[in-house]
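Chemist: for reference, the sequence and a predicted model appear below.
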Amino acid sequence: MRIAAVQMRSGTRAQPNIDALTGLVTHASEAGARYVLTPEVSLVFAKDSTGLAREAKPFEGNEGIASLSRLAAKLGIHLHLGSLAVALEDGKFANRSVLFGPDGQILAHYDKIHLFDAMLTGLKAYRESDSYRAGDAAVTVPLDPFTLGMSICYDVRFGALYNVLAGAGANLMAVPAAFTVPTGQAHWEVLLRARAIETGAYVIAAAQGGQHESGRATYGHSMIIDPWGRVVAERADDREGVVLADIDLAEVDEARRRIPALANARPFGLKRGSADGARILRKGLA
Ligand SMILES: O=C(O)CNC(=O)[C@H](CS)NC(=O)CCC(=O)C(=O)O
């Protein structure tokens, strides 16, 4: 199955982003992709909470979602909107990922569980939880012959989520993202590859990249990683574009046969450090 990750440089208003996304997704589809993933906040990359409030709409009757549904149906592909900000009743937003089937139906959606509340030295503080409400459920969905595991951006730092997804049958992990440049340089590829290796699953990561209208800069480097942890397709920069790869269920089986880490996982307890070591050593010296 041919899959694609779209790399974008989303701006602060929905319509130009939908236009850019439509071009890139159509290109991926013409190149044979049956599943196409777009980055986190593809439709609106807001500058601040005011911009978010202006552009983000409720899930029901959402025009952005309707246009993506039409696009999926027109191309006859699985189209995975990495995420969009959805206005909730309480004034907060959900950072929500949406999978459309080839007929345009919504097959699944997932709300980002781990919100990016971080203090980057010398940079700035990110407090995603000021505007967003965290999701509380992992989501898998059949994507014949694969099973897709959904996640978003900062989630990639929480390996336990992917273990849960793999335990539920996922063998293709989606990581739409808008990584910062310094953390991208330091951690992006190693985190993605680790998630693939730990779970014996394909990882597809669609990234925002470059200098955005919002004033923020993102790392780019969209990539597709096989279940052995090899980067099989990569965008080496932060420019808009598409990365494509052919994925094969036999590669999942082979990686999990060689290293059955999922099957070999065991429950364990925890002991705090004890004085045993010192006692044994004293005995030995006596
Ligand atoms: O808020 C928006 O408009 C779009 N959302 C994002 O950019 C999110 C939350 S601020 N970014 C991340 O999660 C980056 C994580 C990251 O960079 C890391 O884990 O190092």
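Modeler: Yep, it's here.
Chemist: and the helix or strand that contains Gly284, what's buried?
Modeler: Using DSSP states H and E, Gly284 sits within helix 276-285. Under the neighbour-count criterion of 16 or more other CB atoms under 10 Å, helix 276-285 has nothing buried. Any C-beta I mention is one placed from the backbone N, CA and C, and that applies to glycine too.
Chemist: what mean pLDDT does that helix have?
Modeler: For helix 276-285, mean pLDDT rounds to 73.
Chemist: starting at the chain centroid, how far to that helix?
Modeler: 49 Å (CA atoms, centre = their mean, to the nearest Å).
Chemist: got it, and stretch 167-174?
Modeler: The answer for stretch 167-174 is 12 Å, by CA atoms, centre = their mean.
Chemist: residues of the chain that sit close to the ligand?
Modeler: Residues of the chain lying near the ligand by CB under 6 Å from any ligand atom: 40-41, 45-46, 116, 126, 128, 153-154, 157, 178-180, 183.
Chemist: just the residues you listed now: which is nearest Pro16?
Modeler: Phe45 (10.9 Å; CB to CB).
Chemist: burial of the nearest residue to that closest one once chain neighbours are set aside, as a residue count?
Modeler: Using CB to CB, 6 or more residues apart in numbering and skipping residues adjacent in sequence, the residue nearest Phe45 is Ser10, 3.9 Å away. Ser10 has 30 neighbours, counted by other CB atoms under 10 Å.
Chemist: torsion angles phi and psi at Ser10?
Modeler: Main-chain dihedrals, Ser10, degrees, to the nearest 10: phi -60, psi 140.
Chemist: quick one: contacts for it?
Modeler: Shown in contact with Ser10 (CB atoms under 8 Å, 6 or more residues apart in numbering): Asn17, Ala20, Pro39, Val41, Ser42, Leu43, Val44, Phe45, Gln208, His212.
Chemist: point me to the residue of the stretch 51-200 of the chain nearest the ligand.
Modeler: Thr183 (3.0 Å; CB to the nearest ligand atom).
Chemist: Ser83 belongs to a strand, doesn't it?
Modeler: Yes - assessed with DSSP: H, G, I helix; E, B strand; the rest coil, Ser83 lies in a strand.
Chemist: ok, now which ones touch the spatially most central residue of the chain?
Modeler: Centre of the chain computed as the mean C-alpha position; nearest residue by CA atoms, centre = their mean is Val175, 1.7 Å away. Shown in contact with Val175 (CB under 8 Å, 6+ apart): Ser151, Ile152, Cys153, Asp155, Val156, Leu192, Arg195, Val203, Ile204, Ala205, Ala206.
Chemist: from Tyr110, how far out is the fifth one?
Modeler: From Val156 over to Tyr110 the distance is 14 Å, taken as CB to CB, to the nearest Å.
Chemist: and the residue of the stretch 51-200 of the chain closest to the ligand, what does it touch?
Modeler: Contacts of Thr183 (CB under 8 Å, 6+ apart): Leu120, Tyr219.
Chemist: same check, this time on Leu148
Modeler: Listed by CB under 8 Å, 6+ apart, the contact set of Leu148 reads His80, Leu99, Ala108, Thr140, Val141, Pro142, Ala170, Leu172, Met173, Ala174.
Chemist: which stretches of the stretch 51-200 of the chain have low pLDDT?
Modeler: 122-123 (pLDDT under 70).
Chemist: and if we set it to 90?
Modeler: Where the stretch 51-200 of the chain drops to pLDDT under 90, the residues are 119-125.
Chemist: need the helices for it, in chain order.
Modeler: Remark: helices assigned in the stretch 51-200 of the chain by DSSP state H, counting those that start in this stretch are 63-75, 128-131, 159-167, 181-183, 189-199.
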